[in-house]
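# Task: produce atomic coordinates for the following.
(chains A and B)
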Amino acid sequence: EDKVVQSPLSLVVHEGDTVTLNCSYEVTNFRSLLWYKQEKKAPTFLFMLTSSGIEKKSGRLSSILDKKELFSILNITATQTGDSAVYLCAEEGGSQGNLIFGKGTKLSVKP
Amino acid sequence: KAGVTQTPRYLIKTRGQQVTLSCSPISGHRSVSWYQQTPGQGLQFLFEYFSETQRNKGNFPGRFSGRQFSNSRSEMNVSTLELGDSALYLCASSPVLNTEAFFGQGTRLTVV
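Sure, this is the predicted structure:
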């Protein structure tokens, strides 16, 4: 059965810290791995990764995929209180080709 | 460009009733997916529509159904509501299949 596991489940840091969020997956017919940020309701798209070893970067956020070891990480540098959210990892593939989500990592950034 | 619009935003229903939720995708997007989000289970895939055809379906009972119209707008219906159906229902649209999905604000359904 396809699955996505995120760790840690929750994390509390202080402003300015750097955090690394982990996502591992087991899936058939892998197509892509996606990261979303969910603050209140609508998850907002962050990154889509399809190739191993190529870092995607957007401001203080970056992500990379390792297709051999079946995991991805999301890095956030110089964290701010506005980064507080649930970060969701999703894998696109499986027998149905739909998105399979992990349970998320709840990040709390304290001033 | 307007985002994904879901209506209503909040809904309270009684056990045994049925409910219809609506989703208008981003203009030009032809793929619409539905997800159920609960604290215990996280985001779970319900179904996906593309060009008015259901392409994929998740592991939900037959009480959950959906459809997509020619203008790509989609509805999902839940019949014979149960307390466990209380959740945030999220709709996501994509230009085509297998690309990044953009989510709406969701409909918060409470079954009492």
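# so where's chain A uncertain?
By pLDDT under 70, the weakly predicted segments of chain A are A:94-97.
# Quick one: the strands in it, in order.
Using DSSP state E, the strands of chain A run over A:3-7, A:10-14, A:19-26, A:32-38, A:44-49, A:56-58, A:61-66, A:71-76, A:85-92, A:99-101, A:105-110.
# for stretch B:20-40, which positions count as buried?
Across stretch B:20-40, burial judged by 16 or more other CB atoms under 10 Å in any protein chain shown covers B:21, B:23-26, B:29-37. C-beta: built from backbone N, CA, C; applies to glycine.
# same deal with stretch A:83-99?
In stretch A:83-99, counting by 16+ other CB under 10 Å, buried: A:83-94, A:96, A:98-99.
# any idea how far it is from the chain center?
From the chain centre to the centre of stretch A:83-99 is a distance of 8 Å (CA atoms, centre = their mean, to the nearest Å).
# What of stretch A:55-68?
With CA atoms, centre = their mean, you get 9 Å for stretch A:55-68.
# got a list of contacts for it?
A:30, A:33, A:35, A:46-54, A:71-79, A:83 (CB atoms under 8 Å, 6 or more residues apart in numbering or on different chains).
# Determine which two of the buried residues of stretch B:20-40 are furthest apart.
For the buried residues of stretch B:20-40, the farthest-apart pair by CB to CB is B:30 and B:37; their separation is 23.6 Å.
# follow-up on the earlier one: between the buried residues of stretch B:20-40, which sits nearest residue A:25?
Of these, the one sitting nearest to residue A:25 (CB to CB) turns out to be residue B:35, at 17.5 Å.
# So the closest one sits against residue B:46, correct?
Yes. Applying CB atoms under 8 Å as the test, residue B:35 and residue B:46 come out as touching, 6.0 Å apart.
# residue contacts, residue B:64?
By CB under 8 Å, 6+ apart, the neighbours of residue B:64 are B:46, B:47, B:76, B:77, B:78.
# Just put the strands of chain A in CSV and tack on distance to residue B:13.
Formatted as CSV, these follow (distance: least, CB to CB, whole Å):
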stretch, distance to residue B:13
strand A:3-7, 31
strand A:10-14, 32
strand A:19-26, 35
strand A:32-38, 24
strand A:44-49, 28
strand A:56-58, 40
strand A:61-66, 39
strand A:71-76, 37
strand A:85-92, 26
strand A:99-101, 25
strand A:105-110, 29
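# Of all the ones you listed, which one comes closest to residue B:85?
Using CB to CB, the strands of chain A put strand A:99-101 closest to residue B:85, at 18.8 Å.
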